[in-house]
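Engineer: A predicted structure for the sequence below; I have some questions about it.
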Amino acid sequence: MKIVYCLPSTYLLGGVERIVSSKANLLSEMGHDVSIVTTDQQGKQPYFKINNNIKCYDLGINYCLNGQRSFIKKLFYFFYNFYQHKKRLKKLLLELRADIVISTFRTEMGFLPKIKDGSKKIVEFHVCKPMFRITRRKGIMGYVDDFMMPKMIHSLRKYDRFVVLSHEDADNWKELNNVSVINNFCSKNFAEKAKLEKHRVISVGRYEYQKGYDRLINAWALIAKQVPDWTLHIFGEGSLRPVLTKQIYDLNLEKSVFLDGATNNVGKELSESSIVAFTSNYEGFPMAIVEVESAGLPVVSFDAPCGPKDIIRDGEDGFLVKNGDIEDFGKKLLSLMQDEELRKKMGEKALENSKRFTQENIIPQWISLFETILKK
């Protein structure tokens, strides 16, 4: 099969870039003809390895440069870039004559099905529908967001298939009859498994609103005095570091909560921890949970939209807590912290359950989807 992926760029360290690169590599190794088309590569090298037999094309649109312009210029250049994007992508796809073209829900999503190159069109969604409500802008721009939602639904109906990452999110798209669910797969396999004996809780992610670390720190504040020999380590970077630092100081948690910054050795940090805390406000499909479970760690997570309930089996390999229930989150952490036998039992189950999300289980689902829609 000839398969084309469309996304803004491959040079960033991001979840979409990682999973698309991984899928493209695996499909090419299976003998498929794979291409990646970007709009904003700017001559930079891919962050993740891309096989030499994968053809990469950049359309030179560079939407990313628009943020530096005034409002009027932004408006003008967006529509100019949008026109150029349609024109250049159409020309390229007519030359490639692919069997399958996949949008990653970026700018091309609105016009890709209109390109009549003979290919089947798929759009894959890497977050979740509730994100649109959670991140709705304030003021007049909020009305713009509301106006765009029906137009987005109209565009999605034109695709041969709309792929979401969780069954939970699939239930949010009842107005569509072309929805399929395919989970992301875990491309990391940590060689060193955690022994779950150290008194350390860990969380890894960006210091941004999405990750909800203010909620984690508040939960920790409720239990810290009961477990004075335990510490919480949050690895990452982001714009909210000063806010979180102040919160830790105001709650007198400087001796037990640490913002450790980014790490390039997550496996080592996981192996030296005993519990993972996951407090995101929203996700698409949190691969971080799968990855830490593959290291044999139990997880305490809010049941936030979307994905944690597709991964965690509550009470078996971790705990799912009602989204926003800070007190219960603290209690569930405490129950694991005070019971080493329970930690190890859940850790074993976490390792076992994480195997559902291997590439060996997920890639065949994509192949099956491709074959099904090509028959129509």
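Structural biologist: Nice, thanks for sending it over.

Engineer: quick check: which ranges of this structure have low pLDDT?
Structural biologist: 143-144, 188-191 (pLDDT under 70).

Engineer: domain parsing for it?
Structural biologist: What the TED database lists as the domains of the chain is 2-185+358-375, 200-356.

Engineer: from the contact counts, what lies against the helix or strand Ile217 falls within?
Structural biologist: For Ile217, the element it lies in under DSSP states H and E is helix 213-223. Applying 3 or more C-beta pairs under 8 Å, 6 or more residues apart in numbering; DSSP states H and E, we find helix 213-223 packed against strand 200-204, strand 231-235, helix 241-250, helix 326-337. Placement of C-beta: from N, CA and C, glycine included.

Engineer: swap in 6 Å and give it another go.
Structural biologist: helix 326-337 (3 or more C-beta pairs under 6 Å, 6 or more residues apart in numbering; DSSP states H and E).

Engineer: contacts for the helix it packs on, please.
Structural biologist: 218-219, 222-223, 227, 230, 275, 300, 319, 321, 343 (C-beta atoms under 6 Å, 6 or more residues apart in numbering).

Engineer: distance from stretch 205-212 to the middle of the chain?
Structural biologist: 12 Å (C-alpha atoms, centre = their mean, to the nearest Å).

Engineer: between the two ends of it, how far is it?
Structural biologist: 10 Å (C-alpha to C-alpha, to the nearest Å).

Engineer: and it, which residues are buried?
Structural biologist: Residues 205, 207-212 are the ones in stretch 205-212 that count as buried (16 or more other C-beta atoms under 10 Å).

Engineer: check stretch 363-376 too.
Structural biologist: Using 16+ other C-beta under 10 Å as the test for burial, stretch 363-376 gives 363, 366, 369-370, 373.

Engineer: among those residues, which are in helices?
Structural biologist: With helices defined by DSSP state H, the entries of the buried residues of stretch 363-376 inside them are 363, 366, 369-370, 373.

Engineer: now the residues you listed as CSV including distance to Arg157?
Structural biologist: What follows is those, written out as CSV (distance: C-beta to C-beta, whole Å):
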residue, distance to Arg157
Ile363, 27
Trp366, 22
Leu369, 18
Phe370, 20
Ile373, 15
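
Engineer: now, among those residues, which is nearest to Val164?
Structural biologist: Leu369 (12.4 Å; C-beta to C-beta).

Engineer: what distance do you get for the closest one to Ile3?
Structural biologist: For Leu369, the distance to Ile3 equals 11 Å [C-beta to C-beta, to the nearest Å].
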